[in-house]
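J.: Next come a sequence and a model predicted from it.
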Amino acid sequence: MSETPGPVTMDKIVSLCRRRGFVFPSSEIYGGLGSTYDYGHYGVLAKNNIRQLWFQAMVQERDDIVALDSAIILNPAVWEASGHVAGFSDPLVDCRTCKLRFRADRLEDAQCGRKPSKRPGETPDCDLTEARQFNLMFQTQVGAVEDASSTAYLRPETAQGIFINFKNVLQLARRKPPFGIAQVGKSFRNEITPGNFLFRVREFEQMEMEFFVPPADAEEWYRYWVDARFDWYLKYGLREGNLRKREHGAEERSHYSSGTTDIEYLYPIGWSELEGVANRGDFDLTQHTQFSGTKLEFVGQDGERYTPHVIEPAVSIERIFVALLVDAYHEEVVADRERTVLRLHPAIAPVKAAILPLIPRNEDMVTHARGLFDELRRRHLVEYDDSGQIGRRYRRQDEIGTPWAFTIDDQTLEDGTVTVRDRDSLAQ
Ligand code: ATP
């Protein structure tokens with residue numbers, strides 16, 4: 001077995017996802033809609049696994065974090081208080097020549113609409129406007145009357161739904177700092193330059209956890225969460241050489257943050273943010289206290305009183321999914337034949353095992369195979385496949401990352417054993 005050379009490109013990942021029904025461009029029969037995607041069967045299964053493993057690490061295995069599921073459309077005052085109405089924007093420039101729109105702070109990563117080898121603004125024909133601020137929140141209307149008072153927003157992050165429920169959880173879940181609230185759900189951003197497949201989309205599933213701590217312990221907990229989240233990626237198979245922690249300098253951080261670290265992955269587009277971990281201080285609870293008039297603070301039994309500081313690990317399932325696919329993708333030559341294989345961690349793999357009758361026309365083999373399948377499917381996500389030659393069936397499972405195949409053959413009929421094929425070593 002030998003690896004075929006060649007880098008893993010985003011195009012290869014997109015093509016595999018499409019070929020095997022992981023992900024499709026959304027609204028495709030109507031020409032699509034920029035940077036929105038639909039997930040097919042294996043995509044749904046993989047996403048479910050990522051979500052469940054995050055939840056397991058963040059809630060199930062801990063004493064100090066509880067779950068929440070807040071609404072997507074919140075009172076618009078929430079976004080005034082959080083600063084999103086005034087400041088959740090990117091600087092935008094238009095090119096009057098090619099009519100494309102770019103983020104002014106990312107021009108060095110963009111391509112000129114007419115000469116893709118150049119950056120916007122680099123050719124004499126480029127005619128860029130001055131940068132102006134473009135708010136990334138999607139607006140909508142609540143109720144039947146369309147006026148300014150009915151304006152509402154689709155949430156651009158799940159975090160604010162957590163802050164506004166701080167008091168509920170503190171009282172009703174009887175928590176005291178340090179404790180956290182975790183939430184998974186859709187967030188929406190009208191990104192100016194979406195693209196790179198699922199890396200930057202306008203609708204994504206965020207997994208955020210706000211960890212409330214006594215102010216004096218914030219720095220320690222911040223370091224703790226950077227390491228804990230980094231280790232989580234190693235645990236599920238991302239190669240250490242493709243991961244790094246990048247701490248923001250003061251000029252890059254939000255004004256209220258006293259520390260932000262991006263966990264970056266070496267995507268085909270270069271090192272980019274996979275997950276962000278931020279020490280947000282008391283900014284969020286203080287803002288919502290001021291705007292709502294409800295005091296969001298911790299009062300201890302001995303009268304001790306303070307506004308907790310917040311440590312926030314935030315990530316989207318999409319960015320994890322792409323990183324896992326890129327990391328797992330391998331093209332190799334086995335016995336003179338090429339195969340594409342996703343070496344996904346078994347916990348991430350959409351299908352855990354395939355059950356294959358060697359000769360689909362052999363009734364005994366089929367009966368055995370169906371019996372094994374019915375037994376396994378009660379507890380695991382397994383797949384029964386009797387279509388096509390066995391080699392092709394193996395290749396199909398390799399491409400969706402199924403770690404094991406159980407083949408029912410003559411030997412099974414003799415002694416009840418099955419042939420187990422290991423995806424990575426191909427040992428049988
Ligand atoms: P970027 O600088 O890449 O736009 P950000 O700093 O705005 O990201 P945050 O606001 O910190 O991102 O969001 C937290 C996490 O949510 C990110 O680390 C990323 O995993 C995810 N995320 C943010 N925007 C998108 C998007 N448009 N598509 C997919 N995932 C996203």
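T.: All right, it came through fine.
J.: switch to C-alpha atoms for all contacts and neighbour counts from now on
T.: OK.
J.: tally of neighbours for Leu45?
T.: 17 (other Cα atoms under 10 Å).
J.: quick one: it from Thr417, how far?
T.: The spacing between Leu45 and Thr417, counted by Cα to Cα, to the nearest Å, is 29 Å.
J.: Could you tell me which ranges of the stretch 1-150 of the chain sit under the pLDDT cut-off?
T.: The model of the stretch 1-150 of the chain has pLDDT under 70 over residues 1-5.
J.: And the strands in it?
T.: Per DSSP state E, counting those that start in this stretch, the stretch 1-150 of the chain carries strands over the ranges 2-3, 23-25, 37-39, 65-68, 89-94, 101-103, 132-135, 139-141.
J.: so which of the ones you listed comes closest to the ligand?
T.: Taking Cα to the nearest ligand atom, strand 89-94 is the member of these nearest to the ligand, at 9.3 Å.
J.: Please tell me how far the closest residue to Val14 other than its chain neighbours sits from Arg319.
T.: Spatial nearest neighbour of Val14, chain neighbours left out: Phe197 (7.1 Å); criterion: Cα to Cα, 6 or more residues apart in numbering. Separation of Phe197 from Arg319 (Cα to Cα): 10 Å.
J.: more neighbours, the two?
T.: Remark: of Phe197 and Arg319, Arg319 carries more neighbours, 24 against 19, as counted by other Cα under 10 Å.
J.: In a strand, that one, correct?
T.: No - going by DSSP: H, G, I helix; E, B strand; the rest coil, the assignment for Arg319 is helix, not a strand.
J.: so who does it touch?
T.: By Cα atoms under 8 Å, 6 or more residues apart in numbering, the contact list for Arg319 reads 198-199, 274.
J.: so what pLDDT did it get?
T.: Arg319 is assigned a pLDDT of 98 by the prediction.
J.: re earlier: can you list the contacts of Arg319 in CSV and add pLDDT and distance to Val382?
T.: Converted to CSV, those look like this (pLDDT from 0 to 100; distance: Cα to Cα, whole Å):
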residue, pLDDT, distance to Val382
Leu198, 96, 26
Phe199, 96, 29
Leu274, 98, 30
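J.: How about the residues of the protein by the ligand?
T.: 199-202, 204, 206, 273-276, 314-316, 318-319 (Cα under 6 Å from any ligand atom).
J.: now with 8 Å?
T.: 157, 188-189, 191, 194, 198-208, 262, 272-277, 313-320 (Cα under 8 Å from any ligand atom).
J.: Mind checking which of these are in strands?
T.: Within the residues of the chain next to the ligand, residues falling in strands by DSSP state E are 188, 203-208, 262, 272-277, 313-316.
J.: give the contact list for Asn279.
T.: When contacts are taken as Cα under 8 Å, 6+ apart, Asn279 is in contact with 218-219, 222, 257-260, 309-312.
J.: what sits opposite the nearest residue to it once chain neighbours are set aside in the beta ladder?
T.: Spatial nearest neighbour of Asn279, chain neighbours left out: Ile311 (4.6 Å); criterion: Cα to Cα, 6+ apart. For Ile311, the beta-bridge partners are Phe211, Asn279 (DSSP bridges).
J.: Correct me if wrong: Ile311 contacts Asp282.
T.: No - using Cα atoms under 8 Å, Ile311 is not in contact with Asp282, being 9.8 Å away.
J.: between these two, what contacts are shared?
T.: Going by Cα under 8 Å, 6+ apart, no residue sits against Ile311 while also sitting against Asp282.
J.: Tell me which of these two has more neighbours.
T.: Of the pair Ile311 and Asp282, Ile311 is the one with more neighbours under other Cα under 10 Å, namely 29 against 20.
J.: Contacts only, for that one.
T.: 210-213, 218, 221-222, 225, 277-281.
J.: repeat that for 6 Å
T.: 210-211, 222, 278-279 (Cα atoms under 6 Å, 6 or more residues apart in numbering).
J.: Val382 now?
T.: So Val382 contacts 351-354 (Cα under 6 Å, 6+ apart).
J.: quick one: pLDDT of it?
T.: 98.
J.: With Pro194 instead?
T.: With respect to pLDDT, Pro194 scores 68.
J.: what do you get for the one 3 residues further on?
T.: According to the model's per-residue confidence, Phe197 sits at a pLDDT of 94.
J.: So what sits opposite the residue of the stretch 51-200 of the chain found nearest the ligand in the bridge?
T.: Per Cα to the nearest ligand atom, Arg200 is where the stretch 51-200 of the chain lies closest to the ligand, at 3.5 Å. For Arg200, the residues forming beta bridges with it (DSSP bridges) are Gly195.
J.: give me the number of residues near it?
T.: Look at Arg200: counted by other Cα under 10 Å, it has 19 neighbours.
J.: State the distance from it to Thr140.
T.: Remark: distance between Arg200 and Thr140 (Cα to Cα) = 22 Å.
J.: now swap in Gln111 and tell me
T.: Distance, Gln111 to Thr140, using Cα to Cα: 32 Å.
J.: Compare these two and say which one has the larger neighbour count.
T.: The neighbour comparison of Gln111 against Thr140 (other Cα under 10 Å) goes to Gln111, with 17 against 13.
J.: Contacts only, for the closest residue to Asn190 other than its chain neighbours.
T.: Excluding its sequence neighbours, the residue lying closest to Asn190 (Cα to Cα, 6+ apart) is Leu136, at 4.6 Å. Contact partners of Leu136, counting by Cα under 6 Å, 6+ apart, are 89, 189-190.
J.: can the contacts of Val382 go into TSV with extra columns for neighbour count and secondary structure?
T.: Formatted as TSV, the contacts of Val382 follow (neighbours: other Cα atoms under 10 Å; DSSP: H, G, I helix; E, B strand; the rest coil):
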residue	neighbour count	secondary structure
Val351	21	coil
Lys352	20	coil
Ala353	27	strand
Ala354	23	strand
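J.: Can you add pLDDT and give these back as TSV?
T.: Below are those laid out as TSV (pLDDT from 0 to 100):
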residue	pLDDT
Val351	98
Lys352	98
Ala353	98
Ala354	98
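J.: Let's have those residues in a markdown table, adding distance to Arg378.
T.: Below are these laid out as a markdown table (distance: Cα to Cα, whole Å):
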| residue | distance to Arg378 |
| --- | --- |
| Val351 | 13 |
| Lys352 | 13 |
| Ala353 | 13 |
| Ala354 | 14 |
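J.: From the residues you listed, pick the one nearest the ligand.
T.: Among those, and counting by Cα to the nearest ligand atom, the member closest to the ligand is Val351, at 24.5 Å.
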